[in-house]
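[1] fold the following and give me the result.
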Amino acid sequence: MSTTAPTLAPPTPSNAPPPRLWPAGFEIPILAVTGEPAAGKTLFGLQVAGARTKVLDFELGSATYEKSMGFDRTDVPAELAKLFQNGNFQPIHAFLWFRKFCESIAPGQYDALVIDDISQIEDGCTEWVRKNPGYFGKTQNQFATSEPQVWGCMKVLYKQILCALAPKVQTVCLISHMRDEFKGGKPTGRREPKGKDTILELATLYLELRRFPDQKGIVPAKPIARIIKSRLTHAVMNPTTGDFDLSPVLTPVVEDCTPAKIRHLMLNPVNYEKLKPSERVQTEFMSEDEKLRAQQQIAADTARGQEAARDRAAMEREAAMARGMVLPPVNSDMSGEIAAAKVEKTAQSAMEPAPAAQGVGEVVDSAHAAPVAPAASEVPWNESADAPAAASDPASVPVVGQESAEPVAQSELAEPAEPQEGTITVTQKEHLAFLLSPEGLNIPFPKWQEIMMQNYGFNSARFLNEDQADILIAAMDKKLEAKKLKANEATWVSNVVQSEPSQATPAAHTAS
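    Predicted structure coming up:
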């Protein structure tokens, strides 16, 4: 631990409150910063409070700035090496050290605490939770047979520690790296922040920093930041209505992003109607290599997914028929429409990164947001309008060929017999309900099950993710358009045919 670092800020009398890090009316108890290597994450955190900063350095990232910036730095690996002379310390030891540190510091001892980075703490916290089920009122067998219980308890403990730490300083800055994004067990070709959902839940401000070289290959000194989440809002009461007029403090993309720039925006509200293109457009958050890699990955995954879905559908169909079930003929028309929609969807989305969230008040990027529990009125999707599935019973929608199951042993819960609930939205569910109705394509429920089995390997749309639902809706919309066009043509022909006798009849009467 450094004890001789120079003091760059004027000393504060012991009886005076510390100077504010942020302008009056704004607080950032927890600030999360993520990004690729060399994005400027560590430097951003060090500039929050300058010399009044305590740094827990888990990867030697701030050592080179210690003397010039004058902050108080602890080399955590070196501290752990003192406790384990052979150097054989594990993440759980880093977590226990961190937990003890959080309990030891006094309120106001530091203005800002920078943790660079959080990976070892989170890994160690998870390991400690696994070894201490009794702390949470659980048994070892419960943890061994239910991984979600482990993660749930880990998040509870992690949240308790951070919430107890935050009031002791003005800002806790949590730094994390990036990782490959996976959906459905497959890489999407995009990148996402490391770290548990707890960070997203607690953070007042969550930034992704990037520094791209310009056309001459020069990397800018200051990064740009995409806002993953922000609770920073300007609120002005309307004297006439008594309501508050709210506007976000930060633009969706903040250029030359530093703590000083954020303070400036707090004091100088931006005009959201006159944002510069660079403050709203998100395409630059994927480099050309990342875009190409994403496009190749999506194409490969799509091909593998289609093949797996066909194989699974064939197996399910054979099993169902072996049990004596009578299934309708396979409808190949719908699969052709879906395949065409997949190609169109891939072409549109492969080159587009996830958009940043914009809005008033708390802004959250939906790509990284924690799942939100459905409202009481939103039951899980079930194609049968007469039998909505209960929210607590995801198995209430039958799988084609599935017989009544015997009670499942606790040890078998790790491998569920059906797919997990998808991320299909309420709006998508309503759109599909219309397309299945008599006003739409008028698809009977058994036939709809067969279409789902053939194309996705399961018989319920509630297992679809948003992208799959978009593709399916696009295919069905095109089929509905074709149906309407055909109906209009038939109506026109019928009207022409019916009009001919009505024109000839008066002439006949006249002749008579």
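
[2] mind giving me the domain ranges of this structure?
    According to automatic domain parsing, the chain comprises the domains 30-283, 289-353+375-401+420-485.

[3] nearest to P17, of those domains?
    Checking those against P17 by Cβ to Cβ gives domain 30-283 as the closest, at 8.0 Å. Using the backbone N, CA and C atoms, a C-beta is placed for each residue, glycine as well.

[4] before we move on, back to that, need the domains of the chain in TSV (columns: distance to R20, mean neighbour count and mean pLDDT).
    Shown next, in TSV, are the domains of the chain (distance: least, Cβ to Cβ, whole Å; neighbours: other Cβ atoms under 10 Å; pLDDT from 0 to 100):
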stretch	distance to R20	mean neighbour count	mean pLDDT
domain 30-283	7	17	90
domain 289-353+375-401+420-485	35	16	67
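
[5] is it possible to export those domains to CSV including distance to A24?
    Below are the domains of the chain laid out as CSV (distance: least, Cβ to Cβ, whole Å):
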stretch, distance to A24
domain 30-283, 9
domain 289-353+375-401+420-485, 36
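
[6] nearest to L21, of those?
    Across these, closest to L21 is domain 30-283 (Cβ to Cβ), at 4.7 Å.

[7] strands of this structure, start to end?
    30-35, 53-57, 72-75, 112-116, 171-176, 178-183, 186-193, 205-210, 224-230, 233-237, 244-248, 253-254, 363-364 (DSSP state E).

[8] now those strands in CSV, with distance to M315?
    Shown next, in CSV, are those (distance: least, Cβ to Cβ, whole Å):
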stretch, distance to M315
strand 30-35, 42
strand 53-57, 53
strand 72-75, 56
strand 112-116, 49
strand 171-176, 41
strand 178-183, 24
strand 186-193, 20
strand 205-210, 42
strand 224-230, 41
strand 233-237, 53
strand 244-248, 51
strand 253-254, 48
strand 363-364, 40
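
[9] indicate which one of the ones you listed is closest to M453.
    Among the strands of the chain, the nearest to M453 by Cβ to Cβ is strand 186-193 (20.7 Å).

[10] so what does that closest one touch, helix or strand wise?
    strand 178-183, helix 288-322 (3 or more Cβ pairs under 8 Å, 6 or more residues apart in numbering; DSSP states H and E).

[11] adjacent strands (with direction) for that strand?
    Here strand 186-193 has these sheet partners by DSSP bridges: strand 178-183 (antiparallel).

[12] and for the partner strand, what are the contacting residues?
    Defining contact as Cβ atoms under 8 Å, 6 or more residues apart in numbering, one finds that strand 178-183 is touched by T34, G35, E36, P187, T188, G189, R190, R191, E192, P193, K194, N465.

[13] for the last one, what are its contacts?
    The reference is to N465. So N465 contacts K183, G184, G422, T423, I424 (Cβ under 8 Å, 6+ apart).

[14] adding distance to N455, write these out as a markdown table.
    Shown next, in a markdown table, are the contacts of N465 (distance: Cβ to Cβ, whole Å):
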| residue | distance to N455 |
| --- | --- |
| K183 | 18 |
| G184 | 15 |
| G422 | 14 |
| T423 | 18 |
| I424 | 15 |
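
[15] which of those lies closest to L46?
    K183 (34.6 Å).

[16] tell me how far the closest one lies from S460.
    To S460, K183 is 19 Å away according to Cβ to Cβ, to the nearest Å.

[17] next: G87.
    Counting by Cβ to Cβ, the gap from G87 to S460 is 53 Å.

[18] got it, and K131?
    39 Å.

[19] which residues of the chain fall in helices?
    Ranges of helices in the chain, per DSSP state H, are 41-46, 66-69, 76-83, 91-104, 119-131, 140-145, 147-165, 197-202, 259-267, 288-322, 332-349, 426-436, 445-456, 466-511.

[20] nearest residue to K155 other than its sequence neighbours?
    Among residues not flanking K155 along the chain, T198 sits closest, at 5.0 Å (Cβ to Cβ, 6 or more residues apart in numbering).

[21] measure that neighbour to I118 for me?
    Taking Cβ to Cβ, one finds T198 at 10 Å from I118.

[22] again, but for L207
    According to Cβ to Cβ, L207 and I118 sit 14 Å apart.

[23] what's the answer for K478, then?
    To I118, K478 is 47 Å away according to Cβ to Cβ.

[24] contact partners for the closest residue to F95 other than its chain neighbours?
    Nearest non-adjacent residue to F95, counting by Cβ to Cβ, 6+ apart: G124, 2.8 Å away. If you count contacts by Cβ under 8 Å, 6+ apart, G124 has them with Q90, P91, I92, H93, A94, F95, L96, F98.

[25] before we move on, what about Y158?
    E122, C125, K196, T198.

[26] who are the neighbours in contact with the second one?
    Applying Cβ under 8 Å, 6+ apart, we find C125 in contact with F95, M154, L157, Y158, I161.

[27] ok, the second one to M178 distance?
    So the one you mean is M154. M154 sits 21 Å away from M178, going by Cβ to Cβ.

[28] same check, this time on Q170
    When Q170 is compared with M178 (using Cβ to Cβ), they lie 27 Å apart.

[29] wait, isn't I118 in contact with G195?
    Yes: between I118 and G195 there is a contact under Cβ atoms under 8 Å: 5.9 Å.

[30] what's the overlap in contacts for those two?
    With Cβ under 8 Å, 6+ apart as the test, I118 and G195 both reach L174, S176.

[31] which residues are contacting stretch 21-28?
    With Cβ under 8 Å, 6+ apart as the criterion, stretch 21-28 contacts 48-49, 111-112, 170-171, 204-205, 232, 249, 259, 262-263, 266-267.

[32] run the last query once more with 7 Å
    For stretch 21-28, contacts defined as Cβ atoms under 7 Å, 6 or more residues apart in numbering pick out V48, A49, D111, A112, Q170, T171, T204, L205, L232, R263, M266, L267.
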